[in-house]
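Undergrad: Need a 3D model of the following:
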Amino acid sequence: MRGVIFLDFDGVLAPIRRWDRYGDLDKACIQVLNEIVVGGGADVVVSSTWRYGKTVAELQEMLEAEGFTGCVLDKTPTGGPGSDRGDEIAAWLAEHTVGAYVIIDDHGDVGELRTHLVQTHPAQGLQPADAARAIALLTRPRPTSGP
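TA: Numbering: from 1, shown residues only. Presented below is the predicted three-dimensional model:
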């Protein structure tokens with residue numbers, strides 16, 4: 001079973017270099033994402049606000065245009081008022097069986113899921129050092145249950 005990468009865009013794939021202007025997708029950050037996809041055997045579930053009003057196919061095309069070689073599997077549901085990204089990811093996880101997962105985001109507002117978080121620096125986005133941490137989370141042995 002493949003792992004899942006819950007992916008934010010702003011501050012991860014689109015570094016925020018000025019407070020008043022959100023950036024474009026950065027090819028170098030996408031190359032690091034490709035490394036994580038291959039090294040961690042994972043597909044992407046978009047948790048970014050960029051998912052609003054876009055289909056999974058549109059998100060896939062947008063990323064591929066900048067060099068993404070992986071698969072956009074899905075996007076997280078939009079939570080109600082007061083829900084945060086952690087709630088939206090938890091809701092997605094409740095509906096799907098996954099091997100392992102990692103959350104790549106520049107914010108730490110994921111509640112109890114923070115043990116799965118690789119937090120990026122918003123001005124730099126996804127860096128090679130982040131890839132090693134994300135792959136480790138995706139490939140770490142899971143505890144087995146039962147006798």
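Undergrad: which secondary element of the protein has the worst mean pLDDT?
TA: Ranked by mean pLDDT, DSSP states H and E, the weakest helix or strand in the chain is helix 85-95, scoring a mean of 94.
Undergrad: what's next to that one, contact-wise?
TA: Helix 85-95 is contacted by residues 6, 8, 45, 47, 74, 76-79, 101, 103, 105, 107, 109-114 when judged by Cβ atoms under 8 Å, 6 or more residues apart in numbering. All C-beta spots, glycine's among them, are computed from the backbone N, C-alpha and C.
Undergrad: Spatially nearest residue to the residue nearest the centre of the chain (excluding sequence neighbours)?
TA: Centroid-nearest residue in the chain, with Cα atoms, centre = their mean: residue 7, separated by 1.7 Å. Nearest non-adjacent residue to residue 7, counting by Cβ to Cβ, 6 or more residues apart in numbering: residue 44, 5.1 Å away.
Undergrad: Next, that neighbour: secondary structure please.
TA: strand (DSSP: H, G, I helix; E, B strand; the rest coil).
Undergrad: Within its local environment, how many residues does it see?
TA: 24 (other Cβ atoms under 10 Å).
Undergrad: what does the one 5 residues further on give?
TA: The number of residues packed near residue 49 is 11, by other Cβ under 10 Å.
Undergrad: Give me the local confidence score for the closest residue to residue 46 other than its chain neighbours.
TA: Nearest residue to residue 46, sequence neighbours excluded (Cβ to Cβ, 6+ apart): residue 75, at 4.3 Å. Residue 75 carries a pLDDT score of 97 in this model.
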